[in-house]
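Student: Any chance you could fold what I've pasted below:
(2 chains)
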Amino acid sequence: MTRFNWFNTTTLTLGFAFLYLPIILLMIYSFNESRLVTVWAGFSTKWYQSVFFNESFINAAWVTLRVGFISASVATVLGTMAALVLNRAGPFHGKTLFTGMIYAPMVMPEVITGLSLLLLFVSLDFTRGFWTVTLAHITFSMCYAAVVVSARLVTFERSLEEAALDLGCTRFSAFMQVTLPIIFPAILAAWLLAFTLSLDDLVIASFASGPGATTLPMKIYSQVRVGVSPEINALSSILIAVVAVGVVTASLVTKQAQVKRMKEERLAISSI
Amino acid sequence: METLVSTQPVCKFAPWEDPAQEPLVRFESVTKKFGDFTAIEDLTLNIYEREFFALLGPSGCGKTTMMRMLAGFEYPTAGNIMLGQSNLQKAPPHKRPVNMMFQSYALFPHMTVEQNIGFGLKQEKTPKTEIRRRVEEMLSLVQLEPFAKRKPHQLSGGQKQRVALARSLAKKPKLLLLDEPLGALDRKLREQTQFELMNIQEQLGLTFVIVTHDQEEAMTVASRIAVMDHGKIVQVATPAEIYEYPNSRYSADFLGDVNIIEGQIDVTTGETVSLAWAEGETPLAISTKLRPQTGTTAWLAVRPEKLRISKEKPENVDNCIQGEVWDIGYTGNISTYHVKASNGAILKAQVSNREHLADRSITWEDNVYVYWEKGAGVFLEA
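Tutor: The predicted structure follows:
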C-alpha cells in the first residue's frame, strides 16, 4: 500500500492549506515593512516593536491573562467536583438530566450564552467589567473541565479509594492522598483547556465585558473594524505563537504524564 | 483431593466446639438487600479468634457482600454484626479494627512499597520512627526488604501480592479480610503462598477471613469453611467434616468430586438404610443415624476414590453395581473410570496408578463391578 499516492498527497495538501494558509499569510505580512497590509515592501520587525510600546495592547493582554488564570482555576475546581459527583454518586433521580446539563453548554451557540449572561448581569445590576467576563468564562469552560476529568475517572480503580478508607482515611483525606495525586495530570489538562478557551473567546467576552476590561481578542476585533494594520498582524502572530507553544508543550507533557500514571495504576492493580 | 488433616496441630484447635468461648465476630440474623435483590438472607454465623475462616461459594453467592459488610463498605439492611463487644452497625471503614487485602491488591501507584505499607500507620499519626520500625518488620515478614524503594509497577505479581498483605497487616488488625487473595497468581506460586499465609496467620496469632471460590484453596488454608449458596450458608464445618460428611448435595458437590445417586428409601434397619435406585437392581446400603420414612426420595453421595473397581464379581461387599467402562480419565497419578450402570447413570471410580500404564487390565467397554462399603457413602436428605 502506498501511503503517499497522488490522491492522498493532494487531499492532505489542500486540507492543510485550507487550515493554515490564512494564518501563514498573516504571519508573513506581520514582517512587512510597508504600512499597507497587502503590499510587500521588504522584511522588517518594526511592527513587533510597536506592539510592545502600545499601551492599550499591553493592557488588553494583561486583562486576558488574569481572566484566563482565574477562570481556568475556578472552572477546574468546579468541573472536577461535578465530574466526581456524576461518577461517584450511585444512580439517583435526574442523574442523566444533570449529566446532560453539564455537557449542554458545549453545544450551546456562544451568542446565546453571551446574551443570556448579559441579561443576567443587567437584571442583577452587576457593573460589567473584569469580574463579569471572568464569571462568564468560568461558566462556559467548566463543562469542558468536567468532561476531561470525567474521562479520567471512568478508568480510575475504585478499590484504591476503598483501600485508603480501609487503612484509616476519611473520605476527604482518601481523596486528597490517593485520588487527587493519581488523577492530577487530567486536572492539569482540564486547566490548560479552560485557560486556552478563555484566551480564545471573543463572543462571550464582548457580551459580558464593560469599560476598562477589554481582552486581547476584543481589542484585535475592534482594531480590525477600523482597518487592518500590520501592527495587528504582529499582535496576532504573537498570540498564535504563545497559544501554540503553550498548548503543544503542555499537552505533550500532560499526555505523557497521564499515560505513564495510567499505566502505573494498571500495573499496580493487576498482577501480571 | 488432599484434606491435609494430618498437618493440623496435635493440640486440637476447635474453639467453636467450646461453649465457653466468646466468638470474635458474630453475624446475628443479617440480611442485606440491594434494591429488590437479596444478597444475604437472615444469616447467623460465629467466627472465633485465631481462626482462618473461609467463605466459599460460586460468584454471586453473597460471600463478597459478607466481607464488604465486615470491612464497612456495605451496611446490613437488617440484623447486627458484632466484633467482640462492639456493634459494627454504624461504624465507617476507617473506624474499624479490621483491614482488608483486596483482590486487585489496590496498591497506591504513586507511592513506594514503603509508603504503601506505612500508609495506614500514617493515618493514625503514629510517630515517624515507629512507622519506620513497623514497616521494616512487615518488609521482613514478607521478605521484601530489597524492594522498599520500588513503586508497585516495578514489582512482579507475587511481590505485589506480598506488599498488599504487608500493608493490610501493618496496623495489626483484630480481623484481616482476604478477598480472593491468590486468584491472580499462577498455580505453583498460589500453592506456595497458601502455606505462607497459614504460617503468617499462625505466627501473628490473628484472625483471618478469606473469600474464595476455589475449593482446594479453602480446604488447604481454612480452619473452618462456610459453604454459601444464594445468600445462605449451606454448611459450616472443618474442611474434613464437609468433605467426609456433607449435609447436602450442594456442599458435597462443591467440595471435591462426588457420585450422587438418587433413589427411594426402601427399608431402614438399625443404622442402615437401603435405597432403591434402579429397577431390577439390589438396593444400596448406607450407614446413617437418621430415620427416614420409607418411600421418600433421598440421595447417596460417595467420593470416587472410595469406590473400588474390578473385572471379577467381588464377594461379601455391602454395595456392588455392575456396569460398562464408558470413559477413562488419566491424570498421571490417578485414573478415573467412568462406569455406566444399567439405568444409564455414570459412576466415577478413582484408582491410584501404582502400576505402569501398560500393566493395567481394565479398558474401554469392559464389563466391570464397582463396589464400596456402606460406611463409605453419605446419606443425604437434601
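Student: Which residues of the stretch 101-250 of chain A lie near chain B?
Tutor: Residues of the stretch 101-250 of chain A found near chain B (CB under 8 Å from any CB of the partner chain) are A:157, A:159-160, A:162-170, A:173, A:177-178, A:181-182. Backbone N, C-alpha and C define where each C-beta goes, glycine included.
Student: one more time with 10 Å, if that's ok
Tutor: Residues of the stretch 101-250 of chain A lying near chain B by CB under 10 Å from any CB of the partner chain: A:157-171, A:173-174, A:177-178, A:180-182, A:184.
Student: now these: which count as buried?
Tutor: For those, a neighbour count by 16 or more other CB atoms under 10 Å in any protein chain shown gives the buried set as A:157, A:159-169, A:174, A:177-178, A:182, A:184.
Student: Next step: the residues you listed restricted to helices.
Tutor: A:159-166, A:174, A:182, A:184 (DSSP state H).
Student: And the furthest pair within the residues you listed?
Tutor: A:166 and A:184 (22.7 Å; CB to CB).
Student: Strands of chain A, residue ranges please.
Tutor: Under the criterion DSSP state E, chain A contains no strands.
Student: could you pull out the helices for it?
Tutor: Ranges of helices within chain A are A:6-30, A:46-53, A:55-88, A:95-107, A:110-123, A:130-154, A:158-166, A:171-174, A:180-200, A:203-208, A:216-226, A:230-269, based on DSSP H.
Student: again, but for chain B
Tutor: Secondary structure of chain B (DSSP H): helices at B:63-71, B:113-123, B:128-141, B:157-169, B:187-204, B:215-221, B:239-244, B:249-254.
Student: What about contact with chain A: does the second one have any residue there?
Tutor: Yes: for helix B:113-123, a contact with chain A is found by CB under 10 Å from any CB, at B:116, B:118-123.
Student: Let's see that helix as CSV, backbone CA atoms only.
Tutor: The C-alpha trace of helix B:113-123 is given here as CSV (Å, rounded to 0.1, in the frame of the first residue of the first chain):
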residue,chain,number,x,y,z
VAL,B,113,6.4,-0.1,48.7
GLU,B,114,7.5,1.5,52.0
GLN,B,115,4.9,4.3,51.7
ASN,B,116,2.2,1.8,50.8
ILE,B,117,2.9,-0.3,53.9
GLY,B,118,3.2,2.7,56.2
PHE,B,119,0.1,4.4,54.8
GLY,B,120,-2.3,3.0,57.5
LEU,B,121,0.0,3.9,60.3
LYS,B,122,0.5,7.4,58.9
GLN,B,123,-3.3,8.0,59.1
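Student: Low-confidence regions, the chain specifically.
Tutor: Unless you meant another one, I'm taking chain A. Along chain A, the parts satisfying pLDDT under 70 run over A:1-2, A:268-272.
Student: should've been chain B
Tutor: Per-residue confidence for chain B (pLDDT under 70) gives these ranges: B:1-11, B:357-360.
Student: and the residue nearest the centre of it, how far is that from chain A?
Tutor: Geometric centre of chain B, nearest residue: residue B:218, 3.2 Å, by CA atoms, centre = their mean. Computed as CB to the nearest CB, to the nearest Å, the residue B:218 to chain A distance reads 20 Å.
Student: so who does that residue touch?
Tutor: Contacts for residue B:218 (CB atoms under 10 Å, 6 or more residues apart in numbering or on different chains) come out as B:52-57, B:194, B:210-212, B:224-227, B:239, B:242, B:254-255.
Student: coming back round to it: okay, the ones in helices among the buried ones among the residues of the stretch 101-250 of chain A next to chain B in TSV with distance to residue B:158 next?
Tutor: Shown next, in TSV, are those (distance: CB to CB, whole Å):
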residue	distance to residue B:158
A:159	19
A:160	20
A:161	25
A:162	23
A:163	19
A:164	24
A:165	26
A:166	22
A:174	27
A:182	24
A:184	30
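Student: burial measure for the nearest residue to residue A:130 once chain neighbours are set aside, as a count.
Tutor: Closest residue to residue A:130 apart from its sequence neighbours, by CB to CB, 6 or more residues apart in numbering or on different chains: residue A:213 at 4.4 Å. Residue A:213 is flanked by 22 other residues according to other CB atoms under 10 Å in any protein chain shown.
Student: Make sure residue A:213 is actually in contact with residue A:136.
Tutor: No: Residue A:213 lies out of contact with residue A:136 (CB atoms under 10 Å); the separation is 11.0 Å.
Student: distance between the ends of stretch B:177-191?
Tutor: Using CA to CA, to the nearest Å, the end-to-end distance of stretch B:177-191 comes out at 19 Å.
Student: next one: stretch A:33-47
Tutor: End to end - CA to CA - stretch A:33-47 spans 8 Å.
Student: cool, and stretch A:47-66?
Tutor: OK, stretch A:47-66 end separation, CA to CA: 25 Å.
Student: Would you mind giving the helices of chain A as CSV with distance to residue B:133 added?
Tutor: Shown next, in CSV, are the helices of chain A (distance: least, CB to CB, whole Å):
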stretch, distance to residue B:133
helix A:6-30, 63
helix A:46-53, 61
helix A:55-88, 37
helix A:95-107, 48
helix A:110-123, 59
helix A:130-154, 37
helix A:158-166, 22
helix A:171-174, 24
helix A:180-200, 26
helix A:203-208, 59
helix A:216-226, 59
helix A:230-269, 25
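Student: Any idea which of those gets closest to residue B:299?
Tutor: Among the helices of chain A, helix A:158-166 comes nearest to residue B:299, with 41.1 Å by CB to CB.
Student: and the closest residue to residue B:376 other than its chain neighbours, how far is that from residue B:244?
Tutor: Of all residues not flanking residue B:376 in the chain, residue B:306 sits nearest, at 4.1 Å (CB to CB, 6+ apart). Using CB to CB, to the nearest Å, residue B:306 is found at 10 Å from residue B:244.
Student: Mind listing the shared neighbours of those two?
Tutor: Shared contacts of residue B:306 and residue B:244 (CB under 10 Å, 6+ apart): residue B:376.
Student: Who are the contact partners of residue A:150?
Tutor: A:79-80, A:82-84, A:86-87, A:99, A:102-103, A:186, A:190.
Student: Apply 6 Å and report the result again.
Tutor: residue A:83 (CB atoms under 6 Å, 6 or more residues apart in numbering or on different chains).
Student: Same question for residue B:114.
Tutor: If a contact means CB under 6 Å, 6+ apart, then residue B:114 has B:135, B:148 as its contacts.
Student: For residue B:102, grab phi and psi.
Tutor: Main-chain dihedrals, residue B:102, degrees, to the nearest 10: phi -80, psi 150.
Student: how many neighbours does the closest residue to residue A:151 other than its chain neighbours have?
Tutor: Nearest in space to residue A:151, with sequence neighbours left out and distances taken as CB to CB, 6+ apart, is residue A:186 at 7.2 Å. Residue A:186 sits with 25 neighbouring residues when counted by other CB under 10 Å.
Student: so residue A:186 makes contact with residue A:154?
Tutor: No: with contact defined as CB atoms under 6 Å, residue A:186 does not count as touching residue A:154 (10.6 Å).
Student: one step back: skipping adjacent residues, who's closest to the residue nearest to the centre of chain B in space?
Tutor: In space, and not counting its chain neighbours, residue B:218 is closest to residue B:54: 4.0 Å by CB to CB, 6+ apart.
Student: Count residues in the vicinity of the closest residue to residue A:66 other than its chain neighbours, would you?
Tutor: Nearest residue to residue A:66, sequence neighbours excluded (CB to CB, 6+ apart): residue A:130, at 7.4 Å. Taking other CB under 10 Å as the criterion, the count of residues near residue A:130 is 18.
Student: how near is residue A:130 to residue A:201?
Tutor: Applying CB to CB to residue A:130 and residue A:201 gives a distance of 14 Å.
Student: now residue A:129
Tutor: Separation of residue A:129 from residue A:201 (CB to CB) stands at 16 Å.
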